[in-house]
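Novice: Attaching a predicted model along with its sequence, questions to come.
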Amino acid sequence: MRRLDRQNSDDLFEQMQNMIEEFQNKGMNLATEFTGHMPIDVREEDGNLIISADLPGVQKEDINIKADGQKVEISAEASQEIKEENEKYLRKERSSRSFRRTVQWPREVDEETINAEYEDGVLEISAELSEDEGTEIEIE
């Protein structure tokens with residue numbers, strides 16, 4: 001039997017989440033609001049862990065980030081003001097979207113160093129890796 005470690009469980013969770021979102025979105029072709037998929041990358045660079053998330057069409061002020069222990073929750077709302085005078089829509093899907101994703105840091109980070117930047121539809125959240133190697137326990 002194959003052991004389920006954090007990497008595999010994260011992949012399994014993401015696959016399940018993608019399947020649920022795909023199922024929900026298939027029935028929402030004519031919906032005006034939906035929860036969008038937020039693709040991410042997590043990388044290590046120069047002693048930092050960096051999460052990059054694609055949030056196209058979202059304004060900086062509509063993004064919320066919450067750090068809680070060793071995870072980060074990203075949520076965002078994107079809406080477009082569309083003039084509807086004399087418009088006759090046959091299909092309307094672009095008026096409002098929301099994004100939400102919780103990401104577990106793959107290694108321990110120093111929460112005091114978490115920083116976020118947003119440019120051209122890409123959110124980058126970075127944090128320094130924790131230097132705490134843990135406490136060595138003496139056996140009595």
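Specialist: The structure has been received and is ready for your questions. Numbers count the residues shown, from 1 in each chain.
Novice: what about the closest residue to Ile63 other than its chain neighbours, which helix or strand?
Specialist: Leaving aside its chain neighbours, Ile63 sits nearest to Ala76 (4.6 Å; criterion: CB to CB, 6 or more residues apart in numbering). (Glycine included, C-beta is placed from N, CA and C.) Per DSSP states H and E: Ala76 is located in strand 71-79.
Novice: Give me the contact list for that strand.
Specialist: Residues outside strand 71-79 that contact it (CB atoms under 8 Å, 6 or more residues apart in numbering) are 36, 38, 51, 53, 55-59, 62-66, 95-105, 114, 123, 125.
Novice: For the residue nearest the centre of the chain, name its beta-bridge partners.
Specialist: For the chain, Arg101 is the residue whose C-alpha lies nearest the centre (CA atoms, centre = their mean; 3.7 Å). In this entry, Arg101 is beta-bridged to Ile74, by DSSP bridges.
Novice: Can you find the helix or strand of this protein with the lowest average pLDDT?
Specialist: Within the chain, no helix or strand scores below strand 33-35, which has a mean of 50 by mean pLDDT, DSSP states H and E.
Novice: thinking again about what came up before, thought Met38 was touching the residue nearest to the centre of the chain, still the case?
Specialist: Yes: using CB atoms under 8 Å, Arg101 is in contact with Met38, at 4.6 Å.
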